[in-house]
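Asker: Build me a model from this:
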Amino acid sequence: MMTSPTSIDDLNIDLLGNIVGRLPAIHFASADCVSRFWNRACRRVLSRPKLSSACSFNPDLEVAVESVANKVLSEPIRPHFAIASVCREIDFPRAHQLITEKLGSNVPVITNCSRGVIGRDAISDEFDEVYSFLYLQIFFFFYNSSKFHC
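Answerer: Numbers count the residues shown, from 1 in each chain. Purely as a prediction, here's the structure:
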């Protein structure tokens, strides 16, 4: 008895969701645009609210923003808004500008100064607690509130 070859279209939505859920954000956005079936699988991945955060202790602001953003954007997400905490020694307006540029103008960014943070380091992936030191911490809140437009 001969069976027909299996194609990617024969995957069930749960299995496809499991596969696309492991993709980095940019590739996930591309997968969302493949077909209606893939779009439905991607929407299921994003159907629950999610909090993602990262923290950088790099004194170079540009490097800190890049490493933190890369860490949280490595997962399939649709950012609803972001909260950034920066230490008082960092150029506050410049930090807000860099974060806003990285996320795009459609994602509201709340930036505040604080005296210390507890967060997951973007490089080591370990939790750290820091007071009065150079740091940048960004929290991203994600909801399935908008759709990618292909």
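
Asker: Output the below-cut-off pLDDT ranges for this protein.
Answerer: With pLDDT under 70 as the threshold, the chain has low-confidence stretches at 1-10, 48-50, 76-78, 117-119, 122, 130-150.

Asker: show me where it has helices.
Answerer: Taking DSSP state H, the helices of the chain run over residues 13-20, 25-32, 36-45, 61-72, 92-103.

Asker: What angle do helix 13-20 and the second one make with each other?
Answerer: Per axes from the mean of the first three to the mean of the last three CA atoms, to 10 degrees, the angle that helix 25-32 makes with helix 13-20 is 150 degrees.

Asker: try the last one
Answerer: Using the same axes, to 10 degrees, the inter-axis angle of helix 92-103 relative to helix 13-20 is 130 degrees.

Asker: And for helix 92-103, what's in contact with it?
Answerer: Identification of contacts with helix 92-103 by CB atoms under 8 Å, 6 or more residues apart in numbering yields 61-62, 65-66, 69, 79, 82, 84, 86, 107, 109, 111, 113, 136, 138. Yep, even glycine has a C-beta here, placed from its N, CA and C like the rest.

Asker: Of all pairs in those, which one is the farthest apart?
Answerer: Taking CB to CB, the two most distant members of the contacts of helix 92-103 are 79 and 113; they sit 21.8 Å apart.

Asker: When the two are compared, which one has more neighbours?
Answerer: A direct count of neighbours by other CB atoms under 10 Å for residue 79 and residue 113 places residue 79 higher, at 22 against 12.

Asker: Surely that one touches residue 107?
Answerer: Yes - between residue 79 and residue 107 a contact is recorded at 4.7 Å, counting by CB atoms under 8 Å.

Asker: how does this protein divide into domains?
Answerer: Using automatic domain parsing, the domain parsing of the chain gives 9-45, 50-142.

Asker: what about the closest residue in space to residue 74 that isn't next to it in sequence, how many neighbours?
Answerer: Computed as CB to CB, 6 or more residues apart in numbering, the closest residue to residue 74 that is not its neighbour in sequence is residue 24, at 5.2 Å. Neighbourhood size, residue 24 [other CB under 10 Å]: 13.

Asker: Then residue 55?
Answerer: Per other CB under 10 Å, the neighbour tally for residue 55 reads 27.

Asker: just checking, it touches residue 68?
Answerer: Yes - if you go by CB under 8 Å, residue 55 and residue 68 touch, sitting 6.9 Å apart.

Asker: Before I go, just wanted to say thanks for your time.
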